[in-house]
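**Q** here is the input, now give the coordinates:
(one chain, ligands or ions: 1)
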Amino acid sequence: MRFEKQLFILVVFAFISCTNAQDKEIQIKTHQLTEQIYMLTGQGGNIGLFIGEDGVFMIDDQFAPLTPKILATIKTITNKPVSYLINTHWHGDHTGGNENMKKNGATIIAHENVRKRMNTDNTVLGKKKPASPKKALPDITFTNDMMFHINNDDVLISHVHNAHTDGDSFVYFSKNNIIHMGDLYFQGKFPFIDLDSGGSINGYIDAVNKVLMIANDTTKIIPGHRNISNKAELTIFRNMLVSIRAKVQAEIDNKKSLDEVTKNRELTKKFNNKYGGWFITDDVFRATVYKSLNVK
Ligand SMILES: [Zn+2]
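**A** Numbering: from 1, shown residues only. So this is what the prediction gives:
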C-alpha cells in the first residue's frame with residue numbers, strides 16, 4: 001500500500017472515531033470571555049454565544065445528538081431563546097445541530113456556499129457526506145460581509161475566499177473585541193485544509209492575515225478547535241504556515257514529487273513536535289500544502 005494512502009486511511013479513521021464517539025460521555029463546558037460572550041465546548045467545533053437584551057446569537061452547533069445538552073447549558077446562562085445561529089462553514093461538526101436548532105426557533109445564517117455544499121453530496125477525507133435534509137439548510141445566505149446590530153454591539157460576519165473550505169466566515173464582535181474564526185484557526189496545531197471543499201493554503205493564510213489586521217493585543221480569539229487564543233499566538237501560527245508554504249513551494253520548483261514531500265519531515269522539522277500529533281499530522285499537512293500549491 002502506498003505510504004500516502006496509509007496516512008490517508010489513518011486520518012479518516014481518526015475523523016470517523018471522533019465523530020462517532022458516544023455522546024453520553026460528552027459534557028458541554030462553558031467558558032465566559034466577556035460579560036456577554038461565552039465559548040461552549042463539547043464535541044466538534046467550538047460554539048460561540050452572545051447574550052443580551054435582544055436575545056441569543058450563536059455561532060456553530062456541533063452534532064445533532066448534543067443539541068439537548070447545548071440548549072440545557074444555554075438555559076443555565078439565560079432564559080432567552082436562540083434567535084440567530086451562524087454557521088462558520090458547512091462541515092458537520094459545526095452544522096450538525098441545525099435542524100434541531102431551527103425547530104427550536106433559530107434563524108440560520110451562512111455564506112451562500114455553506115448552503116450549496118449542505119444541499120449536495122460531498123466527500124471529506126475520502127468519506128462520503130450525503131446532502132443534509134432541507135430542514136437543516138441555512139435560511140439566510142450572503143456573498144461577502146454582513147453586519148448584525150444586536151445586544152449593543154456591531155457584529156461583522158466576514159467571508160474569506162477558499163481557505164478551510166469555499167464558504168468560511170469569521171465573526172467579529174467589535175465592542176466586545178472577540179473574534180470567532182471557525183476552522184480558519186486550529187489553535188496550536190496544523191490546520192485541516194479541505195481541498196475537496198474548495199480550501200487552499202493561500203486562501204487560508206490570507207484569511208488569517210485578515211483576522212490579524214482586525215485583532216489588537218487584547219482581542220480574544222475563539223478557534224474552531226481547541227483553546228482560546230490571542231493575536232500573538234495567531235501571528236506565530238501564521239508564520240508557521242508561511243514558512244511551510246515557502247519550503248513546499250521550493251520543493252515543487254525543484255520538481256519533487258508528492259511522495260517525496262510527504263515523507264520529508266525535515267521540511268517542517270521546526271514545527272512537527274508542537275503542531276503535529278493531532279488530527280492533522282505533519283505528513284498529511286505537507287501533502288495538503290503540496291497538492292494545494294501544485295495546481296497546473
Ligand atoms: Zn471544518
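**Q** for whatever residue of the stretch 101-250 of the chain ends up closest to the ion, what are its contacts?
**A** For the stretch 101-250 of the chain and the ion, the shortest gap (Cβ to the ion) falls at residue 183, measuring 3.6 Å. For the C-beta atoms, the positions are set from N, CA and C on the backbone; glycine is no exception. If a contact means Cβ atoms under 8 Å, 6 or more residues apart in numbering, then residue 183 has 45, 88, 89, 91, 94, 164, 165, 168, 191, 192, 224, 225 as its contacts.
**Q** which parts of stretch 192-207 are buried?
**A** Across stretch 192-207, burial judged by 16 or more other Cβ atoms under 10 Å covers 192-195, 197-201, 203-205, 207.
**Q** so which bits of the stretch 151-296 of the chain are right by the ion?
**A** residue 183 (Cβ under 5 Å from the ion).
**Q** can you give me the strands for the stretch 151-296 of the chain?
**A** 153-159, 169-173, 178-180, 220-222 (DSSP state E, counting those that start in this stretch).
**Q** sheet partners, orientation included, of the third one?
**A** For strand 178-180, the pairing partners within the sheet under DSSP bridges are strand 169-173 (antiparallel), strand 220-222 (parallel).
**Q** quick check: which of the ones you listed is buried the most?
**A** strand 169-173 (a mean of 25; mean count of other Cβ atoms under 10 Å).
**Q** off-centre distance for that strand?
**A** 12 Å (Cα atoms, centre = their mean, to the nearest Å).
**Q** what does that strand rub up against?
**A** 37, 48, 50, 59, 86, 88-89, 110-111, 153, 155-160, 178-182, 184, 207, 210-211, 214.
**Q** angle of it against strand 153-159?
**A** Angle, strand 169-173 to strand 153-159, by axes from the mean of the first three to the mean of the last three Cα atoms, to 10 degrees: 160 degrees.
**Q** report the secondary structure state of the closest residue to residue 81 other than its chain neighbours.
**A** Among residues not flanking residue 81 along the chain, residue 105 sits closest, at 5.3 Å (Cβ to Cβ, 6 or more residues apart in numbering). Three-state assignment for residue 105 (DSSP: H, G, I helix; E, B strand; the rest coil): coil.
**Q** would you check that residue 105 makes contact with residue 82?
**A** Yes - the pair residue 105 / residue 82 is scored as a contact, 7.1 Å apart, by Cβ atoms under 8 Å.
**Q** I'd like to know which elements the biggest helix by length in the chain is packed against.
**A** Longest helix in the chain, counting residues (DSSP state H): helix 231-253. Using 3 or more Cβ pairs under 8 Å, 6 or more residues apart in numbering; DSSP states H and E as the contact test, the elements touching helix 231-253 are helix 201-214, strand 220-222, helix 258-263, helix 282-293.
**Q** no further queries at this time; thank you.
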